[in-house]
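Chemist: Structure for the following, please:
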Amino acid sequence: MCATVIALVSLTVSVHEGRATRRHNRLSVRPLLQFQQAWQPGKRSGLKLTNSGLGPAVIVRTVLSVDGNSLGEYNKPNVDVIRDMLPFRPTVITFAEKGFTRTDFDAYLLSVPVYDPESHGAFKEMLTQRVSLEIWYESLYGGEGYKVTVKPGEVLNH
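Modeler: Residues are numbered from 1 along each chain as shown. Next up, the predicted model:
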């Protein structure tokens with residue numbers, strides 16, 4: 001009987017340790033995507049995406065909207081709809097259909113290389129008051145359903 005109790009306790013401890021190890025491993029590769037906006041005269045400015053988590057992000061779905069109307073995925077043809085609404089063409093970075101971001105990913109998705117408040121006012125207004133972007137992502141383990149969103153009127157700090 002004593003040996004059975006010891007075996008049962010050992011099994012319980014082993015199962016608990018295994019679960020704790022798996023939970024730790026998942027957290028050790030968790031990505032953390034965040035949006036930022038920068039509007040610095042004379043410097044690159046626009047909408048930035050960073051991954052400040054511990055692992056790469058697997059982007060599984062995106063939704064781009066203007067004035068509450070969905071354009072669909074965040075891809076070049078849909079971003080070009082926004083670019084066509086402006087008097088100039090801002091720089092754009094898009095993802096592959098199911099893209100990855102590195103652990104240290106830090107890039108402007110839509111930007112101008114040298115921001116001038118007078119020349120680029122329509123661009124700033126577009127990104128701060130009219131555009132929303134949602135990105136669903138996961139870690140390499142998958143299945144978490146993380147989401148990052150930027151919405152019109154939201155104040156994002158750089």
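Chemist: Strands of this structure, start to end?
Modeler: Chain-ordered strands for the chain, with DSSP state E as the definition, fall at 33-38, 45-51, 57-66, 69-72, 91-92, 100-101, 106-112, 131-138, 146-150.
Chemist: what is the mean pLDDT for the fifth one?
Modeler: Confidence over strand 91-92, taken as the mean pLDDT, stands at 96.
Chemist: which other helices and strands contact that strand?
Modeler: If you count contacts as 3 or more CB pairs under 8 Å, 6 or more residues apart in numbering; DSSP states H and E, strand 91-92 packs onto helix 76-84, strand 106-112. Quick note: C-beta positions are derived from backbone N, CA and C, even for glycine.
Chemist: Then the last one?
Modeler: With contacts defined as 3+ CB pairs under 8 Å, 6+ apart, strand 146-150 has these neighbours: strand 33-38, strand 131-138.
Chemist: taking the strands of the chain together, which one is wrapped up most tightly?
Modeler: strand 45-51 (a mean of 22; mean count of other CB atoms under 10 Å).
Chemist: orientation of it relative to strand 146-150 in degrees?
Modeler: With axes from the mean of the first three to the mean of the last three CA atoms, to 10 degrees as the basis, strand 45-51 and strand 146-150 are set at 170 degrees to each other.
Chemist: Show me what strand 45-51 is in contact with.
Modeler: Strand 45-51 is touched from outside by 31-39, 57, 90-91, 101-112, 115, 120, 123-124, 127, 131, 133, 135, 148, 150, 158, with contacts defined as CB atoms under 8 Å, 6 or more residues apart in numbering.
Chemist: Please apply the same query to stretch 77-86.
Modeler: 64, 66, 71-72, 89-90, 92, 94, 110, 122-123, 126, 131.
Chemist: Need the helices and strands packed on strand 91-92 in TSV (columns: mean pLDDT and distance to G142).
Modeler: Written out in TSV, the entries for these read as follows (pLDDT from 0 to 100; distance: least, CB to CB, whole Å):
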stretch	mean pLDDT	distance to G142
helix 76-84	96	25
strand 106-112	96	23
